[in-house]
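Student: Sequence and predicted structure, then a few things I'm wondering about:
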Amino acid sequence: MDPILLQGWVRTRRDAKAFSFIELNDGSCLKGIQIVADAALPDYAHITKANTGASLEVRGRLVESKGSGQKWEVVATGFTILGEADATYPLQKKGHTMEFLREIAHLRPRSNLFGAVFRVRSRLAYAIHQFFQDKGFYYVHTPIITASDAEGAGDMFRVTTLDLANPPKTEDGAIDNAKDFFAKKTFLTVSGQLEAEIFACALSNVYTFGPTFRAENSHTSRHASEFWMIEPEVAFCDLNGNMDLAEAFVKYLIRDIRTHCPGDLEFFAKFVDKDLLARLDFVLDQPFKRCSYTEAIEILGKSGKTWEHPVAWGDNLQSEHERYLTEEHFKCPVTVFNYPRAIKAFYMRQTDGCAEGRETVAAMDLLVPGIGEIIGGSQREERLDKLRAGMALHHLDEKNYWWYLDLRRYGTVPHAGFGLGFERMLMFVTGVGNIRDVIPFARTPGTAEF
Ligand code: 4AD
Ligand code: MG
């Protein structure tokens, strides 16, 4: 057989009398390969430097393994140690806590678990593009630095080059934002939706896929300050079409990962979440449930549960309520729709014919077991007067949204869209329980190392 060249990192080395056995892994898949180095090799004395973590180049022949545990192994004809690693290398064989591994985010991709997570992350990104591209959606790059608050919720990170110790002032003593880099106040975007709407109202079917930023002080396992979001936006589409698209999208992604990442998924099923595969297959088989917010409130009221946050019509659903609905009541992913107008964003379409005091908007949240909300979306308010009323209700200044209002002045159309949290979807398909462990370098309140 032809000689082969292997390059990778040593996972373990075991020395016997006449041989050394090295487990080498290059991160391309979960499994490494066993190298057998004969004590008769010219540089054999150096093999003791091939410690866990060292990088190694091996020339050799692929042969069927005589040992148990692997089908193939490589009999080395020569090797070069590219980079040594001593006993301080933190990823020794023993199990480490997830908290410790977060502190060494520069090395954790070399572990089995994180190698698997980041391979699945890459595949999931690919599948997302494939889903939309195959459906004829155009990919739009929306800005990261923006002057508009897409959610109108105010939790944005400021972008400025002003000297914070000595900012320029206006005559009345306020900070003079006109002297800032962009001659106005700017921020990191919370969502590409408003700009995606511009493009949907031109190219009909579009999506964005990029980083978004939220300066909320949430300390949970599902919130990050920097996360990636996929936001399709569809012209000539209503809330039902939007719910159908979200369901087809989530199922497509699960099916793709199920098909293309079998080794990594089996690893998660073995070491992270033993119910993972059954849950993913169950989700693929079921039509998702749909339930209005008003029905959801009734279900929660009749549940007999004592809630940490008691809930009545008009309240936001908390995580405990969302999880009850999907995990205990429906036992299935569920899309909750038509939420109270006051608790949802200004751009959502007012539902016609609501009862007095029970105004709702055409919002939808997709809730899944183990996580809660993974998708939030809505039909957009395409009627100029109603949109202006929504902005007034949320105390937003029309001046900042002049271009968004123009979309309703010129050739307005019904349209709808949603946002899928990329990391939450990854948590769902891997079973990994903390958002910090599915993003390469987590940004959360108090943490921005690396
Ligand atoms: O529900 P959200 O806030 O909706 C929007 O931003 C809309 N503009 C989307 C749209 O209609 N185009 O966020 C959408 C999704 C959530 O369902 C959640 O999965 C994820 O983004 N998400 C977060 N993920 C991680 N960390 C956070 N802090 C998140 N906030 C939202
Ligand atoms: Mg939401």
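Tutor: Nice, thanks for sending it over. Ligands and ions are numbered 1, 2, ... in the order given.
Student: what residues are up against V336?
Tutor: 291-293, 296, 317, 322, 325, 364-365, 367 (C-beta atoms under 8 Å, 6 or more residues apart in numbering). C-beta: built from backbone N, CA, C; applies to glycine.
Student: swap the cut-off to 10 Å and go again
Tutor: Neighbouring residues of V336 by C-beta atoms under 10 Å, 6 or more residues apart in numbering: 289-297, 317, 321-322, 325-326, 363-367, 373.
Student: measure F182 to ligand 1 for me?
Tutor: Per C-beta to the nearest ligand atom, to the nearest Å, F182 is found 22 Å from ligand 1.
Student: repeat for A246
Tutor: 10 Å.
Student: So that residue sits against S378, correct?
Tutor: No - with contact defined as C-beta atoms under 10 Å, A246 does not reach S378; the gap is 11.2 Å.
Student: Which SSE is immediately downstream of the host helix or strand of E57?
Tutor: Using DSSP states H and E, E57 sits in strand 55-64. Toward the C-terminal end, the helix or strand that comes next after strand 55-64 (DSSP H and E) is strand 72-83.
Student: That following strand pairs with which strands, parallel or anti?
Tutor: Paired strands of strand 72-83, with direction, are strand 33-38 (parallel), strand 55-64 (antiparallel) (DSSP bridges).
Student: What residues sit buried inside it?
Tutor: By neighbour count on 16 or more other C-beta atoms under 10 Å, the buried set for strand 72-83 is 73-76, 79, 81.
Student: Then stretch 342-356?
Tutor: For stretch 342-356, a neighbour-count test (16+ other C-beta under 10 Å) marks 344-351 as buried.
Student: circling back: select, out of the strands paired with strand 72-83, the one closest to ligand 1.
Tutor: strand 55-64 (34.4 Å; C-beta to the nearest ligand atom).
Student: buried set for that closest one?
Tutor: 55-56, 58, 60.
Student: So which of the residues you listed reach ligand 1?
Tutor: By C-beta under 6 Å from any ligand atom, no member of the buried residues of strand 55-64 lies near ligand 1.
Student: Now do the contacts for R255.
Tutor: Contacts of R255 (C-beta under 10 Å, 6+ apart): 127, 280-281, 283-284.
Student: roughly how far apart are M229 and ligand 1?
Tutor: Relative to ligand 1, M229 is positioned 5 Å away (criterion: C-beta to the nearest ligand atom).
Student: Beta-bridge partners for that residue, please?
Tutor: G210, G421.
Student: That one reaches G377, doesn't it?
Tutor: No - the criterion here is C-beta under 10 Å, and M229 misses it with G377 at 11.1 Å.
Student: In CSV, list the strands paired with strand 72-83 along with mean pLDDT.
Tutor: CSV is the format used below for the strands paired with strand 72-83 (pLDDT from 0 to 100):
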stretch, mean pLDDT
strand 33-38, 96
strand 55-64, 96
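Student: how about the residues of the stretch 351-450 of the chain near ligand 1?
Tutor: Counting by C-beta under 6 Å from any ligand atom, the residues of the stretch 351-450 of the chain near ligand 1 are 373-378, 417-419, 421, 423-424, 435.
Student: By neighbours, which of these wins?
Tutor: G377 (27 neighbours; other C-beta atoms under 10 Å).
Student: what residues are up against that residue?
Tutor: By C-beta under 10 Å, 6+ apart, G377 lies in contact with 193, 231-233, 239, 242-243, 245-246, 335, 337, 348, 362-366, 416-420.
Student: Excluding chain neighbours, what is closest to it?
Tutor: Excluding its sequence neighbours, the residue lying closest to G377 (C-beta to C-beta, 6 or more residues apart in numbering) is F418, at 2.4 Å.
Student: quick one: average pLDDT of the helix or strand where that neighbour lies?
Tutor: Assigned by DSSP H and E, F418 belongs to strand 415-421. Across strand 415-421, the average pLDDT comes to 98.
Student: switch to numbering from 618
Tutor: Fine by me, first position is 618 from now on; the one you just mentioned is strand 1032-1038.
Student: Kindly format the C-alpha coordinates of the next helix or strand after that strand as CSV.
Tutor: From strand 1032-1038 onward toward the C-terminus, using DSSP H and E, the following helix or strand is helix 1039-1047. Taking Å, rounded to 0.1, in the frame of the first residue of the first chain, the C-alpha atoms of helix 1039-1047 are listed here in CSV:
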residue,chain,number,x,y,z
PHE,A,1039,-28.3,30.0,15.7
GLU,A,1040,-26.8,29.0,19.0
ARG,A,1041,-30.2,27.9,20.4
MET,A,1042,-30.7,25.7,17.4
LEU,A,1043,-27.3,24.2,18.0
MET,A,1044,-28.2,23.5,21.6
PHE,A,1045,-31.3,21.7,20.4
VAL,A,1046,-29.5,19.5,17.9
THR,A,1047,-26.5,18.7,20.2
